[in-house]
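In: sequence and predicted structure, then a few things I'm wondering about:
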Amino acid sequence: GQQVMQIPQYQHVQEGEDFTTYCNSSTTLSNIQWYKQRPGGHPVFLIQLVKSGEVKKQKRLTFQFGEAKKNSSLHITATQTTDVGTYFCAGTFFNDYKLSFGAGTTVTVRA
Amino acid sequence: GAGVSQSPSNKVTEKGKDVELRCDPISGHTALYWYRQSLGQGLEFLIYFQGNSAPDKSGLPSDRFSAERTGGSVSTLTIQRTQQEDSAVYLCASSPNRYEQYFGPGTRLTVT
C-alpha cells in the first residue's frame, strides 16, 4: 500500500546544533504536511507544501518538498529546548484524500 | 476561537464493555477524522467524514468499531466489547478544507 516513511525515528541533539528529519514515499504525493506533537500533547499543524521543489521557512524551521514530490525534509537550525517533541510528516496521495502519517521523529535536546 | 474538544479525556474500562468517545469539531469544519495512537507510535487512520457524504470507514480495525456524525457536527466513536489491544489515545481532527487538520486533545482509553 501507499505509505510515507520517516527517518530517523529518534534524534538526540545538543542545544544549538542543527538537525534534519526526512520523509519519503514510493509514490508521488499530492501534498505534504508537517505536524509537531509535544510530549503529552496532540499533533499541531505546522505547514503544508504543495508545489514541486517548494521551500518554506518558519523562523528556525525550513521545510522542503522534493522535485519529484516523493520526499520532504524538515531542517531545524540552532535547536532549542522548545523544539522537543515528535515531528510527523503526513502526505496525501493523488488517488486518495486521507493523510498518511509517517511514524514520526522524536527529538530530545541536551542542554 | 474554540478548538476541537474531546470527551472524556481519560477512560478506563473493563475488557468486554462498550465505550463511547465524543468529538466536537471546530464550528464550520466539514471534514472530521478519527485516529488512534498507541504509546510512542504514529497515527493510525480510523474513519473520515466529509459533509453529508458516506463516511470512509476503511481504517476501522474490526466490526467492533463504529462511528457516526450527527448533523454534520459532533461525532461519536463507539467501541464494542473492548479488548486490551484497544488501549490507546483516540484523536479526533477536523478540517475546513481536507487539508490542514486541527486535532483535539484526545481520549486516553485504557482497557483492563
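Out: Done, it's in. Numbering: from 1, shown residues only, chains lettered A, B, ... in the order given.

In: hmm, A:V4 and A:C89 touching each other?
Out: Yes - with contact defined as CB atoms under 8 Å, A:C89 reaches A:V4; the gap is 6.1 Å. Using the backbone N, CA and C atoms, a C-beta is placed for each residue, glycine as well.

In: between those two, who's got more neighbours?
Out: Between A:C89 and A:V4, A:C89 has the larger neighbour count (other CB atoms under 10 Å in any protein chain shown), namely 31 against 26.

In: what packs against whichever strand or helix holds the more buried one?
Out: In the assignment (DSSP states H and E), A:C89 maps to strand A:85-93. In terms of contacts (3 or more CB pairs under 8 Å, 6 or more residues apart in numbering or on different chains; DSSP states H and E), strand A:85-93 is packed against strand A:4-7, strand A:19-25, strand A:29-37, strand A:71-76, strand A:100-101, strand A:105-110.

In: please list the residues of chain B that sit near chain A.
Out: Contact residues, chain B versus chain A (CB under 8 Å from any CB of the partner chain): B:33, B:35, B:40-43, B:45, B:48, B:50, B:56, B:59, B:91, B:93, B:98-106.

In: how does it look with 10 Å?
Out: Residues of chain B that fall close to chain A, judged by CB under 10 Å from any CB of the partner chain: B:3-4, B:6, B:31, B:33, B:35, B:37, B:40-45, B:47-48, B:50, B:56, B:58-59, B:89, B:91-93, B:95, B:98-106.

In: OK, contacts around the spatially closest residue to A:Q6 that is not a sequence neighbour?
Out: Spatial nearest neighbour of A:Q6, excluding adjacent residues (CB to CB, 6 or more residues apart in numbering or on different chains): A:G102 at 3.0 Å. Taking CB atoms under 10 Å, 6 or more residues apart in numbering or on different chains, we find A:G102 in contact with A:3-7, A:9, A:21-25, A:32, A:34-35, A:72, A:87-91, B:42-43.

In: just the buried subset of those residues, please.
Out: Among those, those classed as buried by 16 or more other CB atoms under 10 Å in any protein chain shown are A:4, A:6, A:21-25, A:32, A:34-35, A:72, A:87-91, B:42-43.

In: picking up where we left off before, mutual contacts of A:C89 and A:V4, please.
Out: Here A:C89 and A:V4 share the contacting residues A:C23, A:N24, A:S25, A:L29, A:I32, A:N71, A:S72, A:L99, A:S100, A:F101, A:G102, A:A103, scored by CB under 10 Å, 6+ apart.

In: how about the residues you listed in TSV, adding distance to B:T82?
Out: Compiled in TSV, these are given as follows (distance: CB to CB, whole Å):
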residue	distance to B:T82
A:C23	34
A:N24	36
A:S25	34
A:L29	35
A:I32	35
A:N71	39
A:S72	37
A:L99	26
A:S100	27
A:F101	24
A:G102	28
A:A103	25
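
In: what's the burial count for residue 101?
Out: In the absence of a named chain, this looks at chain A. Residues near A:F101, counting by other CB under 10 Å, number 24.

In: to clarify, I was referring to chain B.
Out: Residues within reach of B:Q101, counting by other CB under 10 Å, total 26.

In: got it, and B:E85?
Out: Neighbourhood size, B:E85 [other CB under 10 Å]: 10.
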